[in-house]
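Asks: no sequence on this one, just coordinates:
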DNA sequence: GATGTAATTATGCAAGTGTATAATTGAGGA
DNA sequence: TCCTCAATTATACACTTGCATAATTACATC
């Protein structure tokens, strides 16, 4: 008559870990770091709080895994466009910049996640290592795309990559923070024009078939 | 022999409120929103926790006041450079952009604060109102500086302001996040060059006497 | 079907959270 | 000097937090 013990199913370790990470990310995106309590994460993932400690040494450990998942997905979603992009360096850079400034890369939830992790990244060396591994890799990729442009002076690539990265970051932030403030494709156009001006080239929005062949 | 009651001094209301706000901001900058507990804020301000509720209706109320203080100071520190700037529109815009990309506007602690508030800004309408009041005002100021440039087409000012704002934001973020990654003045130079390229003008770093006459 | 074991739940705990309320005390005016 | 009142402290409370540990139960293997 008293509380019946809750029924459950055994899942593979990987699926449970993923489910817990996803739940944590959802909660952080919605309510900030403070909203992602152990109990809330467990409830969202459909398990009891104790299970978290079975798959992660501590909540901090789960947080690190979640941060890695976010940054990997963010860089990956942007870089994925290069796989289907043409060989022309101008077109490749254009496709990359444009992809960074539209969904799914531009996404209010993702900005919330990114901001939610900042403090921990600066305090926890393990988080800082994940940051360096993902973020600086992103900028290096951008620098490679710039270096491939015809007639690009090698000694200016670094500065150009920094400036273009800043344009992308800034527009990404504004697009995430105020999605309704920009007409469809406006953000991409501004980004392409600004980056093109910085680099002294003309970057044009890729045709549809170049994006999704 | 038991605990003697703690001695204290009476302060003016304004000074106590300021002290509490400053304490809260320091703690948020250091340890994120989670670090700014009522007890920690009180201790940092040299007071007991109960006093916070005497000056603020709730912790949320203190948080809002702190956010307003941050954003006001941020915009103010940047706009302050215009008071001593020359009349030439190009020089004024240059001075404004450069000021946004060096201390005290560029400051890791301030980025930490900014990030720490993001979630609350998106959840609490009162915080959102403070955001609109300060942040959009900043972009309007930038748009005015751009509109004053000779030969600037009025219908392009908005797009240019968005792009330049993004450049400033992005570089500001990178400068705050990785202060050691940029040589002295490098950020300002990149920002001036990028913004100049976007606007089709030449923005030059203001001479020293233009900054501090 | 019996059995072992690892995945999962249940329970409990010490510390910390924001807030309410009562008890003190500093400081200015009579 | 005394008195008053607001500024400040002290205490308490209900709730939440992360974590540890013990009790169960689903599932694979025999």
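Replies: Looks like it came in fine. What you see is a predicted model; the values in this text were computed from it and never measured. Residues are numbered from 1 along each chain as shown, chains lettered A, B, ... in the order given.

Asks: let me see the contact set for residue A:168.
Replies: For residue A:168, the contacting residues are A:97, A:100-101, A:142, A:191, A:195, B:170, by Cβ atoms under 8 Å, 6 or more residues apart in numbering or on different chains. Just so you know, the C-beta spots here come from the backbone N, C-alpha and C atoms, and that holds for glycine as well.

Asks: model confidence score at the residue nearest the centre of chain A, please.
Replies: In chain A, the C-alpha closest to the average C-alpha coordinate belongs to residue A:74, at a distance of 2.2 Å (Cα atoms, centre = their mean). You'll see residue A:74 listed with a pLDDT of 92.

Asks: for it, phi and psi?
Replies: Main-chain torsions, residue A:74, degrees, to the nearest 10: phi -60, psi -50.

Asks: residues in contact with it?
Replies: A:105, A:110, A:114, A:134.

Asks: of the contacts of residue A:168, which belong to strands?
Replies: Secondary structure assignment by DSSP state E places none of the contacts of residue A:168 in strands.

Asks: can you list those in TSV and add neighbour count and pLDDT?
Replies: Formatted as TSV, the contacts of residue A:168 follow (neighbours: other Cβ atoms under 10 Å in any protein chain shown; pLDDT from 0 to 100):
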residue	neighbour count	pLDDT
A:97	26	96
A:100	27	95
A:101	25	94
A:142	24	96
A:191	28	86
A:195	30	89
B:170	25	80
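
Asks: want to throw the residues you listed into JSON lines with distance to residue B:202?
Replies: JSON lines is the format used below for the contacts of residue A:168 (distance: Cβ to Cβ, whole Å):
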{"residue": "A:97", "distance to residue B:202": "24"}
{"residue": "A:100", "distance to residue B:202": "28"}
{"residue": "A:101", "distance to residue B:202": "27"}
{"residue": "A:142", "distance to residue B:202": "25"}
{"residue": "A:191", "distance to residue B:202": "22"}
{"residue": "A:195", "distance to residue B:202": "19"}
{"residue": "B:170", "distance to residue B:202": "21"}
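
Asks: which one of those residues is nearest DNA strand C?
Replies: residue B:170 (32.7 Å; Cβ to the nearest atom of the strand).

Asks: now do that closest one against residue A:165, distance only.
Replies: For residue B:170, the distance to residue A:165 (Cβ to Cβ, to the nearest Å) stands at 7 Å.

Asks: residue A:37 now?
Replies: Distance, residue A:37 to residue A:165, using Cβ to Cβ: 35 Å.

Asks: compare neighbour counts for those two and give me the winner.
Replies: Shown here are residue A:37 and residue A:165; by other Cβ atoms under 10 Å in any protein chain shown, residue A:165 has more neighbours (22 against 15).

Asks: please give the element, helix or strand, for that one.
Replies: Using DSSP states H and E, residue A:165 maps to helix A:157-177.

Asks: orientation of that helix relative to helix B:157-177 in degrees?
Replies: 110 degrees (axes from the mean of the first three to the mean of the last three Cα atoms, to 10 degrees).

Asks: can you give me the buried ones in helix A:157-177?
Replies: A:157, A:159-177 (16 or more other Cβ atoms under 10 Å in any protein chain shown).

Asks: which segments of chain A make up each domain?
Replies: Domain segmentation of chain A under automatic domain parsing yields A:8-56, A:68-211.

Asks: mean neighbour count, these: which tops it?
Replies: Mean neighbour count (mean count of other Cβ atoms under 10 Å in any protein chain shown) peaks for domain A:68-211 among the domains of chain A, with a mean of 18.

Asks: residues of chain A that sit close to DNA strand C?
Replies: By Cβ under 7 Å from any atom of the strand, the part of chain A that sits against DNA strand C consists of A:3, A:5-6, A:8-11, A:13, A:16, A:46-51, A:54.

Asks: if you set the cut-off to 6 Å instead, what comes out?
Replies: Contact residues (Cβ under 6 Å from any atom of the strand) of chain A with DNA strand C: A:3, A:5-6, A:8, A:10-11, A:13, A:16, A:47-48, A:50-51, A:54.

Asks: let me know the closest of the contacts of residue A:74 to DNA strand D.
Replies: residue A:114 (19.8 Å).

Asks: wait, that closest one touches residue A:73, no?
Replies: No. Using Cβ atoms under 8 Å, residue A:114 is not in contact with residue A:73, being 11.4 Å away.

Asks: lowest average confidence across helices and strands of chain A, where is it?
Replies: Lowest mean confidence among the helices and strands of chain A (mean pLDDT, DSSP states H and E): helix A:208-211, at a mean of 47.

Asks: what does chain A put close to chain B?
Replies: Residues of chain A lying close to chain B by Cβ under 8 Å from any Cβ of the partner chain are A:31-34, A:108, A:111-112, A:115-116, A:118-120, A:122-123, A:159, A:162-163, A:165-171, A:173-174, A:182, A:186, A:190-191, A:193-194, A:197-198, A:200.

Asks: and if we set it to 7 Å?
Replies: With Cβ under 7 Å from any Cβ of the partner chain as the criterion, chain A meets chain B at residues A:31-34, A:112, A:115-116, A:118-119, A:122, A:159, A:162-163, A:166-167, A:169-171, A:173-174, A:190, A:194, A:197-198.

Asks: from what I see, residue A:109 and residue A:27 are in contact.
Replies: No. Applying Cβ atoms under 7 Å as the test, residue A:109 and residue A:27 come out as separate, 11.1 Å apart.

Asks: ok, now which ones touch the nearest residue to residue A:169 once chain neighbours are set aside?
Replies: Spatially, and ignoring its direct neighbours in sequence, residue A:169 is nearest to residue B:170 (3.9 Å; Cβ to Cβ, 6 or more residues apart in numbering or on different chains). Contacts for residue B:170 (Cβ atoms under 7 Å, 6 or more residues apart in numbering or on different chains) come out as A:166-167, A:169-170.

Asks: try 10 Å this time
Replies: A:162-174, B:191, B:194 (Cβ atoms under 10 Å, 6 or more residues apart in numbering or on different chains).

Asks: which of those residues sit farthest apart?
Replies: Comparing every pair within these by Cβ to Cβ identifies A:162 and A:174 as the most remote, at 18.6 Å.

Asks: quick one, grab the pLDDT at the nearest residue to residue A:148 once chain neighbours are set aside.
Replies: Spatial nearest neighbour of residue A:148, excluding adjacent residues (Cβ to Cβ, 6+ apart): residue A:89 at 4.1 Å. Looking at residue A:89, its pLDDT stands at 95.

Asks: so residue A:89 touches residue A:146, yeah?
Replies: Yes. With contact defined as Cβ atoms under 10 Å, residue A:89 counts as touching residue A:146 (8.7 Å).
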